[in-house]
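1. Here is a sequence with its predicted model. Questions after.
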2 protein chains.
Amino acid sequence: MTIWDLPTSGFKAFCHVARLVHEKSDVVPMIAEVFREFGYEGASLGRITERTGLGKGSLYHFFPGGKVEMAREILAHVDHWFVENVFRPLERDAPREAIEGMWAATADYFHSGRRICLVGAFALDETREPFASEIRIYFARWIKALRGAMARGGVDAREARLLAEAAVGGIQGALVLARAMNDPKLFTRRLVHMADEIDRALSAAKSPR
Amino acid sequence: MTIWDLPTSGFKAFCHVARLVHEKSDVVPMIAEVFREFGYEGASLGRITERTGLGKGSLYHFFPGGKVEMAREILAHVDHWFVENVFRPLERDAPREAIEGMWAATADYFHSGRRICLVGAFALDETREPFASEIRIYFARWIKALRGAMARGGVDAREARLLAEAAVGGIQGALVLARAMNDPKLFTRRLVHMADEIDRALSAAKSPR
DNA sequence: TCATTAGTGTACTGCTTGGTACAATACAAA
DNA sequence: TTTGTATTGTACCAAGCAGTACACTAATGA
C-alpha cells in the first residue's frame, strides 16, 4: 500500500501544501493565535481572514455563529489541550511526576513566556462576558487538580490550596511580566522558583519531623 | 472668608454637581475606567462619550491626539499614582514599613481584586505596542523598588529578586484569577500569603543564624 | 461691559466592522 | 461521468468606528 491508496483525508494530511480546501480542525489553531495576539475585540474578521487565508464564506461556513462561536470553540480547544496534558495527569498520576509534568507542559505550551494565555487574557475584560463560565471552569479545575495532587502527596490541605493558587496565579502573572518586560527568562525563572516551593512542601510532607 | 470668595476653580471643586464645564483632570479617571473594563480596542469613543458625558468636541479638545493620546495620558496617570504611593515609599522609607504600605496600597487600589490592572491588561495584547516602553518601565520600576527595599532590609540579593518578581507577578496573576473566578477573596488571600513570605525573609535576615 | 479663551454639540467624512446572500468551484462516492 | 455535498469568493448591507470642522455657549479677566 502506498500513500496514493490512502483515503483522501489521509492524502490531504500527508501533503497538506497542495490542499485547496481547508478543514475546520486545522483552522482553529490559526484563529486561536489571532485572538491571543489581538484580544477579542481586536481579532477582526479582516485579521482572521488575512492570517488563515480563509474568506468570509469559509469562515461562516465553519462557524455559522460568527465571531462568538469562533471564540467559544477556541476556548474549548485550549481547555481540551489542558485537560489532556495537564488536568487529567494531575488528577490521575503520581503527585510528584504529575506536577513535574505540569511545569514541563506549561513551559512548552507558553513557549517559555513568549506566548500568552488566551483564557487569562479573556478573563481580563468585560466584552468577553459571554465566556465567563468557561473561563471560571478552566481555572477552577486547574487549581483543584493541583491542590488534589499535592494533598495526595501528603501536603496539608490548607497549604495545598495556598500553593496551588500561587502556582496557577503565578503562571498568569509571570506571563504578564515576561511579556511586559519582553523577558522570557523571567518566566522560566518564576517557573523554577514555584516548582521549588512545591517540591519543598512535598518533601516536608513525605518526611515529617 | 466664605466659599463664595474662593476663586472660581475653588467654587467649582466645592459644588462640582452644578458644573456645566469639565476639566481634564476629572475626566481622565473616568476614561481610565473604560479602558480598564473594555481594553484598548474595546474602549470606543462611543463608550467613552457615554461614560463621561463628554461629546467628541470636548474629547478632542482635551486630547487632540485622539484615542492614542487618551491611552497615553491614562497610563501616565496610573504610573504617577504608583510612583507616589508605592514606588517612592519603597525606594525611600524603612523597608518593613514601606513593604507593609505597598500591600495596603495595592489591596486598596485594586478594590480587593474587583478592579484589574490597566497596565497589565495593556501588556497582554499586540494592539497596544505603542505603549510598550511605558509598560516596561512601570513593571521594571516596581520590581526594582521592591528588590531594593528587601536588600536594604538585609535580604540576600538573589532571593530579593526572586521574591520581588514573585510579588509583582503574583499580584497580576491574582487579579486574573480573582476576576476569572469572580472571587475577590482569592486576591486577598494571595496578598496575605505573599506578604508572609516576604516578612519571613526579612525576619530571617535580621536575625541571621 | 467686552473681548478672549475654554469647553461643547452636531453634523459630517471615509473607513472598517460583523454579518448575509448566493453563485461558483472543489471534492468524494457511485 | 454524474450527482450531491463541502468549501470558497465576491458583492453587498447597516451599523459603528476614529477623526474633522465649525458654529456655538460658558467662563474668565480686563
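-> Okay, I see it. Numbering: from 1, shown residues only, chains lettered A, B, ... in the order given.
2. Please count neighbours and contacts with C-alpha atoms only from this point.
-> Will do.
3. Contact residues of chain A facing DNA strand D?
-> Counting by CA under 7 Å from any atom of the strand, the positions of chain A adjacent to DNA strand D are A:20-24, A:53-59, A:61-62.
4. Quickly find the element holding A:P89.
-> In this structure, A:P89 is located in helix A:88-92 according to DSSP states H and E.
5. Please list the outside residues in contact with that helix.
-> For helix A:88-92, the surrounding residues in contact (CA atoms under 8 Å, 6 or more residues apart in numbering or on different chains) are A:98-99, A:102, A:145-146, A:148-149.
6. Could you list the buried residues of the helix or strand just after it?
-> Where DSSP H and E defines the elements, the next helix or strand beyond helix A:88-92 is helix A:95-109. Within helix A:95-109, the residues scored as buried using 16 or more other CA atoms under 10 Å in any protein chain shown are A:95-96, A:98-99, A:101-103, A:106-107, A:109.
7. Repeat that for stretch A:120-133.
-> A:120-125, A:127-128, A:131-132.
8. Now tabulate the residues you listed in CSV and tack on distance to DNA strand C, secondary structure and pLDDT.
-> Output for the buried residues of stretch A:120-133, formatted as CSV (distance: CA to the nearest atom of the strand, whole Å; DSSP: H, G, I helix; E, B strand; the rest coil; pLDDT from 0 to 100):
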residue, distance to DNA strand C, secondary structure, pLDDT
A:G120, 20, helix, 98
A:A121, 17, helix, 97
A:F122, 15, helix, 97
A:A123, 18, helix, 97
A:L124, 18, helix, 96
A:D125, 16, coil, 91
A:T127, 12, helix, 88
A:R128, 13, helix, 88
A:F131, 15, helix, 97
A:A132, 18, helix, 97
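9. hang on, A:Y60 packs against A:M70?
-> No: contact between A:Y60 and A:M70 fails when scored by CA atoms under 8 Å: they sit 9.5 Å apart.
10. and these two? which has more neighbours close in?
-> A:M70 (20 against 15; other CA atoms under 10 Å in any protein chain shown).
11. for A:R179, what are its contacts?
-> Counting by CA under 8 Å, 6+ apart, A:R179 touches A:113-114, A:116, B:123-124.
12. Which one of the buried residues of helix A:95-109 is nearest to A:F187?
-> Closest to A:F187 out of the buried residues of helix A:95-109 is A:A107 (8.4 Å), distances taken as CA to CA.
13. can you pull the contacts of the closest one?
-> A:A107 touches A:113, A:188, A:191, counting by CA under 8 Å, 6+ apart.
14. got it, and A:L75?
-> A:118-119, A:134.
15. same thing but 7 Å
-> A:V119 (CA atoms under 7 Å, 6 or more residues apart in numbering or on different chains).
16. so where do the strands sit in chain A?
-> Here chain A has no strands by DSSP state E.
17. near chain B, which residues of it show up?
-> Within reach of chain B by CA under 7 Å from any CA of the partner chain, chain A has these residues: A:37-39, A:41-42, A:120-121, A:123-127, A:135-136, A:166, A:169-174, A:176-177, A:179-181, A:190.
18. Now which of those would you call buried?
-> For these, a neighbour count by 16+ other CA under 10 Å gives the buried set as A:37-39, A:41-42, A:120-121, A:123-125, A:127, A:135-136, A:166, A:169-174, A:176-177, A:179-181, A:190.
19. Where neighbours are concerned, which of the residues of chain A next to DNA strand D has the most?
-> Most surrounded of the residues of chain A next to DNA strand D: other CA under 10 Å gives A:L59, at 21 neighbours.
20. what separates whatever residue of chain A ends up closest to chain B from A:S25, distance-wise?
-> As assessed by CA to the nearest CA, chain B sits closest to A:G173 within chain A, at 3.8 Å. Noted for A:G173: a distance of 30 Å to A:S25, by CA to CA, to the nearest Å.
21. Now for A:G46, how many residues are close by?
-> Using other CA under 10 Å, A:G46 has 11 other residues around it.
22. wait, A:K206
-> Applying other CA under 10 Å, we find 12 other residues in the vicinity of A:K206.
23. which non-adjacent residue is nearest it?
-> With CA to CA, 6 or more residues apart in numbering or on different chains as the criterion, A:K206 has its nearest non-adjacent residue at 6.6 Å, and that residue is A:G154.
24. low pLDDT regions in chain A?
-> Chain A contains residues with pLDDT under 70 at A:1-20, A:207-209.
25. what about 90?
-> Low-confidence segments of chain A (pLDDT under 90): A:1-23, A:26, A:127-128, A:205-209.
26. mind listing the helices for it?
-> A:8-14, A:24-42, A:45-52, A:56-62, A:66-82, A:88-92, A:95-109, A:118-124, A:132-152, A:157-180, A:184-206 (DSSP state H).
27. now those helices as TSV including distance to B:R200?
-> Shown next, in TSV, are the helices of chain A (distance: least, CA to CA, whole Å):
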stretch	distance to B:R200
helix A:8-14	56
helix A:24-42	38
helix A:45-52	49
helix A:56-62	55
helix A:66-82	34
helix A:88-92	30
helix A:95-109	26
helix A:118-124	30
helix A:132-152	23
helix A:157-180	16
helix A:184-206	14
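28. B:P29: which of those is closest?
-> Closest to B:P29 of the helices of chain A, according to CA to CA: helix A:118-124, at 18.6 Å.
29. outside of the closest one, which residues touch it?
-> Contacts of helix A:118-124 (CA under 7 Å, 6+ apart): A:36, A:75, A:128, A:135, A:172, B:121, B:124, B:176, B:179-180.
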